[in-house]
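# With the input below, show me the fold.
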Amino acid sequence: MLKTVRDAFKVKEIRQRLFYTFLMLIVVRIGCQLPLPGTTAQSISQVMGQFRNGAFGFFDAMTGGSFEQMSIFALNITPYITSSIIIQLLTIAIPKLEEMQRDGEEGRKKIVSITRYLTVALALVQALATSISFGNKGLFGDINAMSKGEYATAIVIAVAALTGGSAFLMWVGENITEKGVGNGISIILLINIVARIPNDFASLFEQFVKNASSVGGSLLAAVIIVGVVVVIVGFVVFLQDGERRISVQYSKKMQGRKLVGGASTHIPLKVNTAGVIPIIFAQSLFSFPIVICQLVSGKTPKWTYFLESSRWWNFSKPIYSIGYLVYVVLVIAFAYFYTSITFNPIEVADNMKKQGGFIPGIRPGKPTQDYLNNILNYIVFIGAIGLLIVATIPIAFAGIAGAKVSFGGTSLIIIVGVVLETLKSIESKMVVRNYKGFLLD
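You can find the predicted model right below:
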């Protein structure tokens, strides 16, 4: 990894792309510190202090602390991520979108355009709900001391700022993809999560190392914390790179007077086919009722305790861990659901048959489809279990030891996945450049 980065800095074009990415990320982090117009540090602290834990804590981790600080980037790129997932799901239900997806570059541009419009619409709805909900709690000052006109003006300005901030981040992400390195949206999400990690480690140090009863206890706590993080990161790297390769042989055929074909290749089926999406789906489903209750009544009913991951694995109150069992079922179910969307065995089997390809020992057509289905079901289950292991370790650590951190298994999977994806992007650009140099020479 270090060799790849070092070699990349030797290439002028890639060095410029890295520098551009770095500048854009500085802009993102500066924007995360700019407060929403009409608010004060005192009002933000008073209102947002009530929502630091639970569902809002997870959301704040994904936005790099900008939500807790109620900055102009408070919504961050979550509307874009949500709209992308919605469009991806709708391609199954709407034939027109499915046709666009198959139309190549032209169809891809149309889907990207639709995703942008949906992002702005979602950002507008979320900004309106956020501004009104927190405004009623005193985010813009004492609501009783404000006239209706003043309050309405504050809401309109806040909605415009939040919607504009989310749209601006979408633009930044797309520009990083085009002019920088890697996927811009993923990199913004990465920098948001990484920005919270120093505070989390400082909190862990304060809680377990500094306040330990002895020097030996401090060292043991430090070793355990570092060991847990290293093990999780190592396991995530293994999970992200793991794949099952299915051999494919293409039969020879006559083209004119020549016999062509006969190549041998493989279909790479990733163990973690669905990525981090199943955990995000499950976490969002659990967070939604909590968010609604907190915004409407300002309180969290006791039945929502089953949905809070901070209460799971707490041996003093094991009843709430029932929520964890439901969480496990949801992650596995979403893993199968999302994989069925992203990988279609019927389409793969048909394409192989049309191109004269076959899996050794398996007949083309329906037998190939059934074989791919069986392999996929086996792999998806292993990937889902791997996701649960990564997600469970921080949850169990928090429940048993009482550790309070914003990052968890989801964050670490995103960090490792984006870093690996970005390094592969840099490597591919270096390979392309070398080929260009060879052709020009």
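# the domain parsing of the chain - what is it?
32-180, 196-441 (automatic domain parsing).
# Could you work out the end-to-end span of the shortest one for me?
So the one you mean is domain 32-180. 21 Å (Cα to Cα, to the nearest Å).
# For that domain, give the mean pLDDT please.
Averaged over domain 32-180, pLDDT sits at 83.
# again, but for the last one
Averaging pLDDT along domain 196-441 yields 77.
# re the thing from before, what's the most buried one of the domains of the chain?
Ranked by mean neighbour count, these are led by domain 32-180 with a mean of 18 (mean count of other Cβ atoms under 10 Å). In this view, the C-beta of every residue, glycine as well, is placed from N, C-alpha and C.
# any idea how far that one is from the chain center?
Remark: domain 32-180 is offset 16 Å from the chain centroid, using Cα atoms, centre = their mean, to the nearest Å.
# do stretch 231-247 as well
17 Å.
# sorry, back to before: the domains of the chain into a markdown table, with extra columns for distance to Phe22?
What follows is the domains of the chain, written out as a markdown table (distance: least, Cβ to Cβ, whole Å):
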| stretch | distance to Phe22 |
| --- | --- |
| domain 32-180 | 8 |
| domain 196-441 | 12 |
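# Which one of those domains lies nearest to Asp7?
domain 196-441 (6.6 Å; Cβ to Cβ).
# Tell me how far that closest one lies from the chain's centre.
10 Å.
# Tell me which of the domains of the chain sits nearest to Thr21.
Closest among the domains of the chain, once you apply Cβ to Cβ, is domain 32-180, at 3.5 Å.
# hang on, the earlier thing: would you mind telling me which of the domains of the chain is nearest Met24?
That would be domain 32-180 among these, by Cβ to Cβ, at 5.3 Å.
# so which strand or helix has the residue lying closest to Leu89 once chain neighbours are set aside?
Of all residues not flanking Leu89 in the chain, Ile341 sits nearest, at 6.7 Å (Cβ to Cβ, 6 or more residues apart in numbering). Ile341 belongs to helix 322-342 when assigned by DSSP states H and E.
# shouldn't Pro289 be in contact with Tyr305?
No. Using Cβ atoms under 8 Å, Pro289 makes no contact with Tyr305, being 11.3 Å away.
# could you give the angle of the biggest helix by length in the chain to helix 322-342?
Longest helix of the chain, by residue count under DSSP state H: helix 366-401. Relative orientation of helix 366-401 and helix 322-342, computed by axes from the mean of the first three to the mean of the last three Cα atoms, to 10 degrees: 150 degrees.
# circling back to that earlier point, who does the helix holding Ile341 touch, helix- and strand-wise?
helix 78-93, helix 277-297, helix 366-401 (3 or more Cβ pairs under 8 Å, 6 or more residues apart in numbering; DSSP states H and E).
# Next secondary structure after that helix?
helix 345-354.
# Check which helices and strands that following helix is in contact with.
helix 366-401.
# For the helix it packs on, enumerate the helices and strands it packs against.
helix 215-241, strand 243-250, strand 264-270, helix 277-297, helix 322-342, helix 345-354, helix 409-440.
# Kindly recompute the last result at 10 Å.
Helix 366-401 is packed against helix 215-241, strand 243-250, strand 264-270, helix 277-297, helix 322-342, helix 345-354, strand 357-358, helix 409-440, with contacts defined by 3 or more Cβ pairs under 10 Å, 6 or more residues apart in numbering; DSSP states H and E.
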